[in-house]
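Asks: how would this look folded up:
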Amino acid sequence: MKSIRIQNLRSLQDTGNIELRPITILLGENSSGKSTFLRSFPLFRQSQSTSITGPLLWFGQFVDFGSFDESISIHAKSKHMFFDFDFGRINFNRRYFVQNLPYHDNNQIDVKTHISIIGDAKREAIVNLCEIEIEEEHKIKIQINVDGNLSHFSINGRDYLKVTPDMRSGHRRGLFPQLFISEFVDKSNAFIMRKRPNFRAYAISILRDYVHHNTSDNKLEKLLLRLEIGSSKKMLETMKKVPGSFLASWASRTQGWSINSDEFIKIRDMLILVSIPDVFVMCDEEFADFAENIRYIAPLRATAERYYRRQNLAVDEVDFQGQNLAMFLKNLTDVEKRNFSNWIEDLFGFYPQAIQRGGHISLQLNQGAQSRFNLADMGFGYSQVLPILTQLWQLSQQRQQYRGYRRRKAPITFAVEQPELHLHPRMQMRVAKAFANIIKEAQKQKIDLRLVIETHSEAIVNTLGRLIAEKKLSSDDVNVVIFEKPQADKSSEVRISKYDEDGFLTNWPYGFFEPEAE
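Replies: You can find the predicted model right below:
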């Protein structure tokens, strides 16, 4: 995920494209919209983690947006909510067009998407518009009625609605609609099966105009699998690379084509049409991979208890309030405990330890060789920062799994609200150093880790700048997003500020951290 744009969500009338760098800092006054933007990440996570009937789960495990009607911005010119996602370059394969034949295993395309959500007559949210842009030149657009029927279907401005007039849309896993032409109940497994649209007959009828009339359907199917989708230049190259020994009539016909030839454009758009079902599946799976790998820490973490009941639970992440911190630490292996203790002690001068006595666990804080205290007896700031630091370290060690058929490592996004709560400025500086340290470690381990941090801390902002000036952090790794509200009854405005190579912020609002003049 390269960038996200949100329109008409609460006070966010339009964020513009916000690039997700390894560290993205969100700044702004209270009620300026920065928390709304950050909480869209756990909104995506809870929507993807649960079987739902609509595109998003507005009220769930992590955050409560109420409902679509409560979430739509009062400043919206129309009752549409928009989400744009720039997935960057992703692997793409056509899986379902022709069965039992090989497909390309390394075709990468650049994909951007635009989703519109509206409320229907039952006051439920539905996707009514989906636009997909491939290689910044091919545009797929579908519009959907409230009953799921398509009212518009075009590729690069060419109308294809009549090719499959019975095509419908429905949700498969989450945000992106999936295209199908009929559905039936699989009685053996008791769930609904959907038949995907198959453009075989249409594709073969188009290709047949450019080959010898005796060419078999089977050979035309194999020709389709040789042709990749991508930029027009790349698509033309693959068309011309088909050897004459395989299909002489095609090879001779295509040699005179250019990207502006009517024949090429017709075949190009037909190839995209053939790939449409897989394109929508690909977008859905990309979003699912992104959402499922979001981790979130809320602004108010659980206070430390003197003892925790031991449970035989496998805990692979710290929950969003840090309530399972004791069990998480207890479940670490001896090697992991040692590595975590060394890392946090080097940065902060202390390390936590889960001590089991009978059926209970206590969280102890070790400071130096002899000092050990129950976390409940320490300052409140320790219990607030430990869940963040623990999850932060764990993500830098996490082995990433290849996701699905595309053999692509799934990115990890860690969204944190106000990590500086109840911390002295010196401790806030150390937290900023921990962010930089973990990003460098993740990059070393080739882990695609993105931190999205909502903060009011001048100490964190200044420390990141100093680390950049000292060449301990790259300015390219940090993005600063500033949310402003000119008036309480106006929508939020968003500006992007970045660090230069000397650690100074550019496009920075004058007096941002200064108190108002009397």
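
Asks: quick check: domain ranges of this structure?
Replies: In terms of domains, the chain is parsed into 3-15+53-197, 202-271 (source: automatic domain parsing).

Asks: quick one: the helices in the stretch 101-250 of the chain?
Replies: Using DSSP state H, counting those that start in this stretch, the helices of the stretch 101-250 of the chain run over 200-207, 217-226, 232-240, 248-254.

Asks: residue 481: which of these is closest?
Replies: helix 232-240 (34.1 Å; CB to CB). C-beta: built from backbone N, CA, C; applies to glycine.

Asks: for that closest one, give me every contacting residue.
Replies: With CB atoms under 8 Å, 6 or more residues apart in numbering as the test, helix 232-240 has contacts from 135, 137-138, 226-229, 251, 254-255, 257-259, 264, 267-268, 271.

Asks: that helix vs helix 217-226, what angle?
Replies: On the basis of axes from the mean of the first three to the mean of the last three CA atoms, to 10 degrees, helix 232-240 is oriented at 140 degrees to helix 217-226.

Asks: and helix 232-240, what's buried?
Replies: Within helix 232-240, the residues that count as buried by 16 or more other CB atoms under 10 Å are 232, 235, 236, 238, 239.

Asks: and for stretch 139-154?
Replies: For stretch 139-154, by 16+ other CB under 10 Å, it's 139, 140, 141, 142, 143, 144, 150, 153, 154.

Asks: turn these into CSV, including pLDDT.
Replies: CSV is the format used below for the buried residues of stretch 139-154 (pLDDT from 0 to 100):
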residue, pLDDT
139, 97
140, 96
141, 96
142, 94
143, 93
144, 90
150, 89
153, 92
154, 95
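
Asks: can I get the buried part of the contacts of helix 232-240 as one PyMOL selection?
Replies: The PyMOL command for the buried members of the contacts of helix 232-240 (criterion: 16+ other CB under 10 Å) is given here:
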select buried, resi 135+138+227+228+229+251+254+257+264+267+268+271
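
Asks: pull the CA atoms of stretch 481-490 into PDB?
Replies: Coordinates of the C-alpha atoms in stretch 481-490 are reproduced here as PDB (Å, rounded to 0.1, in the frame of the first residue of the first chain):
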ATOM      1  CA  VAL A 481       0.800  15.000   7.800                       C
ATOM      2  CA  ILE A 482      -0.700  18.100   9.400                       C
ATOM      3  CA  PHE A 483      -4.500  18.300  10.000                       C
ATOM      4  CA  GLU A 484      -5.900  21.800  10.500                       C
ATOM      5  CA  LYS A 485      -9.400  23.200  11.000                       C
ATOM      6  CA  PRO A 486      -9.700  26.900  10.200                       C
ATOM      7  CA  GLN A 487     -13.000  27.000  12.100                       C
ATOM      8  CA  ALA A 488     -14.900  24.500  14.300                       C
ATOM      9  CA  ASP A 489     -17.800  24.200  11.900                       C
ATOM     10  CA  LYS A 490     -15.500  23.700   8.800                       C
END
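
Asks: centre of the chain versus it, how much separation?
Replies: Computed by CA atoms, centre = their mean, to the nearest Å, the chain-centroid distance of stretch 481-490 equals 25 Å.

Asks: closest to residue 463 among the buried residues of helix 232-240?
Replies: Among these, and counting by CB to CB, the member closest to residue 463 is residue 232, at 47.0 Å.

Asks: now that closest one: how far from residue 257?
Replies: Plainly put, residue 232 is 11 Å away from residue 257 if you go by CB to CB, to the nearest Å.

Asks: can you list the domains of the chain in CSV and add distance to residue 300?
Replies: Listed next are the domains of the chain as CSV, based on distance: least, CB to CB, whole Å:
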stretch, distance to residue 300
domain 3-15+53-197, 13
domain 202-271, 47
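
Asks: residue 513 is nearest to which of the ones you listed?
Replies: Nearest of these (CB to CB): domain 3-15+53-197, 21.6 Å.

Asks: can you give me the end-to-end span of the closest one?
Replies: End-to-end distance for domain 3-15+53-197, by CA to CA, to the nearest Å: 31 Å.

Asks: please enumerate the strands of the stretch 401-518 of the chain.
Replies: Under the criterion DSSP state E, counting those that start in this stretch, strands of the stretch 401-518 of the chain are mapped to 402-403, 408-409, 412-417, 449-454, 478-484, 493-499, 505-506.

Asks: these: lowest mean pLDDT?
Replies: If the strands of the stretch 401-518 of the chain are sorted by mean pLDDT, strand 402-403 sits at the bottom with a mean of 46.

Asks: pLDDT weak spots in this structure?
Replies: 93-106, 121-123, 171-174, 182-194, 196, 312-314, 399-409, 515-518 (pLDDT under 70).

Asks: for it, which residue occupies the most central location?
Replies: residue 290 (3.7 Å; CA atoms, centre = their mean).

Asks: so who does that one touch?
Replies: 1, 44, 85, 410, 411, 413.

Asks: so which residues of the stretch 251-400 of the chain form helices?
Replies: Under DSSP H, counting those that start in this stretch, the stretch 251-400 of the chain gives helices at 262-292, 325-331, 334-348, 380-397.

Asks: next one: the longest one to chain centre, how far?
Replies: Yep, that's helix 262-292 we're talking about. That offset, for helix 262-292, works out to 18 Å (CA atoms, centre = their mean).
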